[in-house]
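S.K.: Need a 3D model of the following:
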Amino acid sequence: MRFRGKEYDGEGITIAVIDSGINVNDPRLSDTHIEGWNIALGATGHALLGADFHDENGHGTEVAVAIHKVAPKAKLLAVKIMGARLKTSADLMAAGIETSTRNGAQVINMSLGTPNMGKALLLRDCCALAVENDSVVLAAAHPMGDRAYPADLPETVGVASHKDCPLEKFYYFAPHRFPRKEWGNLTGKFLAHGFAVEREPGGRKPYRSSSMATAYLAGKTACLRQALPNETSTGVVEVLKRLALTPVPEIGYA
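M.R.: Sure, this is the predicted structure:
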């Protein structure tokens, strides 16, 4: 990523990928430093960490590849909270955010969310803890524009996608330009490229939508953290807002 006349690649930055795990044998990630765990909830509701973070679905790996494309030197921290069917819970999301924070992630990527407003406070507490520990939390917005948490929390960077948004550019729906009464849940969110890196011929259809957009913006955030080592997490988000383009009225959820 180019910033102030120099190129940055995320070196020295740790990005947590809270998802379905990462396949460390994927050739597209062969030169990437990857560590991680899986998280499950015990009978008492406590989070249990395990060493196996292998991706049973492929989604987390595609998210990791998208991040790697933008920030190839960043360290990836796989936090597996989903299996082959991509099912999880808000409690596991919260555990994933807290685990990422306590293990030094400067950028936390969540390409998922929940519409359950009853769990919003739990997720907000974990996101607030992350920000207090100088982490930037990025979360995928609902693909149809409905409410989703943690993307709709003030402590997070919510990210939506659009089919015409190029990989190298991103937009920001500033509240003073795009009031919520007219723009709903797009207000205050970023808009980024929403398609996964192309696969080899014969592979499955590429993942798309806000989950991939979040990954690309997480990579850019890591590059900014590298470029601005003395800047706080909230300061980095403000720089992101200044770098973002202003959307045209026709742009919206895809």
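
S.K.: Report the buried residues of stretch 25-42.
M.R.: Neighbour-count burial for stretch 25-42, with 16 or more other C-beta atoms under 10 Å as criterion, is recorded at 26, 28-29, 32, 34, 36-39. For glycine as for every other residue, the C-beta is placed from the backbone atoms N, C-alpha and C.

S.K.: Let me fix that, I meant to ask about stretch 166-175.
M.R.: Of all the residues in stretch 166-175, those buried under the rule 16+ other C-beta under 10 Å are 167, 170-173.

S.K.: Contacts for that stretch, please.
M.R.: Outside of stretch 166-175, the residues within contact range by C-beta atoms under 8 Å, 6 or more residues apart in numbering are 165, 183, 186-193, 216-217, 220, 240-241, 243-247, 251.

S.K.: And stretch 40-51, by the same measure?
M.R.: Contacts for stretch 40-51 (C-beta under 8 Å, 6+ apart): 37-39, 89, 91-92, 95, 98-99.

S.K.: ok, and for that stretch, which residues are buried?
M.R.: Neighbour counts over stretch 40-51 (16+ other C-beta under 10 Å) mark A47 as buried.

S.K.: Stretch 151-168 now?
M.R.: Neighbour-count burial for stretch 151-168 flags 151-153, 155-162, 165, 167 (criterion: 16+ other C-beta under 10 Å).

S.K.: just these now: which is nearest Y207?
M.R.: S161 (10.9 Å; C-beta to C-beta).

S.K.: Counting neighbours, what do you get for the spatially closest residue to the closest one that is not a sequence neighbour?
M.R.: Of all residues not flanking S161 in the chain, G194 sits nearest, at 2.7 Å (C-beta to C-beta, 6 or more residues apart in numbering). Around G194 there are 28 other residues, counting by other C-beta atoms under 10 Å.

S.K.: on that earlier part again, relative to T14, which of the buried residues of stretch 166-175 is nearest.
M.R.: Taking C-beta to C-beta as the measure, T14 sits nearest to F170 out of those, at 21.7 Å.

S.K.: got a pLDDT number for that closest one?
M.R.: Turning to F170, the model gives it a pLDDT of 96.

S.K.: One more: E198?
M.R.: We note a pLDDT of 61 for E198 in this prediction.

S.K.: One more: E250?
M.R.: For E250, pLDDT reads 63.

S.K.: swap in F195?
M.R.: pLDDT, F195: 88.

S.K.: For the closest residue to it other than its chain neighbours, what are phi and psi?
M.R.: Closest residue to F195 apart from its sequence neighbours, by C-beta to C-beta, 6+ apart: R208 at 4.8 Å. Main-chain torsions, R208, degrees, to the nearest 10: phi -150, psi 180.

S.K.: D91: which element?
M.R.: Take DSSP states H and E as the rule and D91 turns out to sit in helix 90-102.

S.K.: same question for the strand ranked longest in the chain, mean pLDDT?
M.R.: Determined from DSSP state E, the single longest strand within the chain is strand 34-41. For strand 34-41, the mean pLDDT works out to 96.
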